[in-house]
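A.B. asks: prediction below, plus the sequence it came from.
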Amino acid sequence: MRYNEKELQALSRQPAELAAELGMRGPKKGSVVKRRLVKLVVNFLFYFRTDEAEPVGALLLERCIVAREEPSGFSISFMEDPERKYYFKCCSEEQCQEWMEALHQASYEFMRRSLIFYRNEIQKMTGSPGAVRHI
């Protein structure tokens, strides 16, 4: 998927669903844990050096796997290459759980399933499929 760098930078400045300084280690062998400001905006996870305004990188949270790792940690990998993992270290178990839940809900597929579920619930309540506009 192609992205316009300026549009991504503009998106990274939008209000975040969740943001915190976390320990982060990339997928490269020999990579070490570094403190990063991590910011969830819609279905992108941006990460920044703690002293810079522009993101170092971004992960599109589609077709990804979020898994619990070591105490207070989680990883993100992608179905196309599950061995390539990004590791994150939180300050507490509670923070880790909050991040994992937010990341799960950030995917397009989760939002799509939620939309279908609520559309069906509205149809049950109204008794008419015509009462719901399809988007």
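C.D. replies: On my side now, so go ahead. Numbers count the residues shown, from 1 in each chain.
A.B. asks: hey, let's count contacts and neighbours off CA atoms from now on
C.D. replies: Noted.
A.B. asks: buried stuff in the one helix or strand in the chain whose mean pLDDT sits lowest?
C.D. replies: Sorting the helices and strands of the chain by mean pLDDT, DSSP states H and E puts helix 108-126 at the bottom, at a mean of 78. Across helix 108-126, burial judged by 16 or more other CA atoms under 10 Å covers Arg119.
A.B. asks: what does stretch 75-84 give?
C.D. replies: 75-78, 84.
A.B. asks: how about residues contacting that stretch?
C.D. replies: Applying CA atoms under 8 Å, 6 or more residues apart in numbering, the contact partners of stretch 75-84 are 27-28, 62-69, 85-88.
A.B. asks: equivalent analysis for stretch 47-65, please.
C.D. replies: Residues outside stretch 47-65 that contact it (CA under 8 Å, 6+ apart): 9, 12, 21, 35-39, 43-46, 75-80, 82, 103, 106-109.
A.B. asks: want to try CSV for the buried residues of stretch 75-84, with pLDDT and secondary structure as columns?
C.D. replies: Converted to CSV, those look like this (pLDDT from 0 to 100; DSSP: H, G, I helix; E, B strand; the rest coil):
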residue, pLDDT, secondary structure
Ser75, 96, strand
Ile76, 96, strand
Ser77, 95, strand
Phe78, 93, strand
Arg84, 91, strand
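A.B. asks: stretch 25-41: end-to-end distance?
C.D. replies: 20 Å (CA to CA, to the nearest Å).
A.B. asks: how far away is the residue nearest the centre of the chain from Leu61?
C.D. replies: When the chain is reduced to its mean C-alpha position, the closest residue under CA atoms, centre = their mean turns out to be Leu103, at 3.9 Å. Noted for Leu103: a distance of 8 Å to Leu61, by CA to CA.
A.B. asks: anything in contact with each of the two?
C.D. replies: With contacts defined as CA under 8 Å, 6+ apart, the residues shared by Leu103 and Leu61 are Asn43.
A.B. asks: confidence score at Pro129?
C.D. replies: Model confidence at Pro129, given as pLDDT, is 62.
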